[in-house]
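Enquirer: I would like to see how this sequence folds:
(chains A, B, C and D)
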Protein chains: 2
Amino acid sequence: MLSTACVCTKLRRSARAVTALYDDALAPIGMSTPQFALLRTLQRIGASPLSTLAAASGLDRTTLNRTLQPLETSKLICSRPGADQRVRIIELTGAGMSKLALGTPLWEQAQRRMVDTLGADRDQLFTILDRIEEIRA
Amino acid sequence: MLSTACVCTKLRRSARAVTALYDDALAPIGMSTPQFALLRTLQRIGASPLSTLAAASGLDRTTLNRTLQPLETSKLICSRPGADQRVRIIELTGAGMSKLALGTPLWEQAQRRMVDTLGADRDQLFTILDRIEEIRA
DNA sequence: TCGTCTTACGTGTATATGCACCCAAATCAT
DNA sequence: ATGATTTGGGTGCATATACACGTAAGACGA
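Expert: I've put the predicted structure just below:
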């Protein structure tokens, strides 16, 4: 593989590699990393409007909507209108929580692999990535 | 946006942010960052079989095929069979080279923005990402 | 040389991602 | 109250990404 000086290409490439690792780990429960990450986020913030969940995830609202569709089809999440009839509340179902419980050790396996590989560089990496996430202004 | 301990989520998030920055910069020539990166790679390695270009780019062969389609439609690249009738040689067209010339200062603008933001951390970041790219083994 | 194995590709399918544009509900100013 | 504005969502479209599967051409051994 050619080396690149392009920060964007470099980051995209590494993200793909890491995604493949986590996807492999999650394969037994038939979920992708973005999907599983969504369940984890929902668990943390609880039932929330679509836009709130999107903001929490750092995803575009429309992207989130599309990502939710297969999860709603497989009943891992459900949605209902809020008091404000415009909002759509997204919520974890019982099946979703079970899936989370099943997937967590699988996710931890990939995560441990990364943490071990990164060692002490992990803090530095996260610090740099924090800065990078704020760039688009 | 919620913070996350997940290395995968973190990397994907930053990659999206940086991609948006480069995409904005490249908007005047109507190309995405992955597309432009492909032209740059082609320029570096010259006319090559699909699989060679895929390996150089660190992309799946089938992903590359799909990414090439709009570029071939807009005549920025062309393809022809090689001596070995199985291979498909991908090549930059004149229009492709012109587009590269037009886009390069735009790409440099985004790249400079990143380099300035990262400062001395850039080397460390690249070193860490190099290690990360080798993880899936 | 004739089958067999390998290699290079293409396509079907599915998810990930976000912009432009549209609709409906809530809010606000007059 | 009512018309204008803002806010929350959904969809069409396009690209990005890769796995599974199928096909054709080259390579190679018996």
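Enquirer: Count the neighbours of A:D23 for me.
Expert: Each residue near A:D23 was counted by other CB atoms under 10 Å in any protein chain shown, and the total is 17. C-beta coordinates here come from the backbone N, C-alpha and C atoms, glycine included.
Enquirer: Now do the SS call for the residue positioned nearest the centre of chain A.
Expert: Closest to where the C-alpha atoms of chain A average out (CA atoms, centre = their mean) is A:A37, at 2.9 Å. Secondary structure assignment for A:A37 (DSSP: H, G, I helix; E, B strand; the rest coil): helix.
Enquirer: How about it: what's its closest non-neighbour residue?
Expert: Nearest non-adjacent residue to A:A37, counting by CB to CB, 6 or more residues apart in numbering or on different chains: B:T9, 4.8 Å away.
Enquirer: From A:R80, how far off is that neighbour?
Expert: According to CB to CB, to the nearest Å, B:T9 and A:R80 sit 27 Å apart.
Enquirer: of the two, who's got more company?
Expert: B:T9 (24 against 10).
Enquirer: pretty sure that one contacts A:T33?
Expert: Yes: counting by CB atoms under 8 Å, B:T9 touches A:T33, with 7.4 Å between them.
Enquirer: okay, and the common contacts of these two?
Expert: With CB atoms under 8 Å, 6 or more residues apart in numbering or on different chains applied, the contact sets of B:T9 and A:T33 do not overlap.
Enquirer: buried ones in the helix or strand containing the residue nearest to A:A37?
Expert: For B:T9, the enclosing helix or strand under DSSP states H and E is helix B:7-26. For helix B:7-26, a neighbour-count test (16 or more other CB atoms under 10 Å in any protein chain shown) marks B:7-23, B:25-26 as buried.
Enquirer: now swap in stretch A:80-96 and tell me
Expert: Buried residues in stretch A:80-96 (16+ other CB under 10 Å): A:87-90, A:92, A:96.
Enquirer: what about it and chain B, touching?
Expert: No: for stretch A:80-96, no contact with chain B is found by CB under 8 Å from any CB of the partner chain; the gap never falls below 14.5 Å.
Enquirer: Can you name the residues that contact the residue nearest to the centre of chain A?
Expert: By CB under 8 Å, 6+ apart, the residues touching A:A37 are A:57, B:4, B:6, B:8-9.
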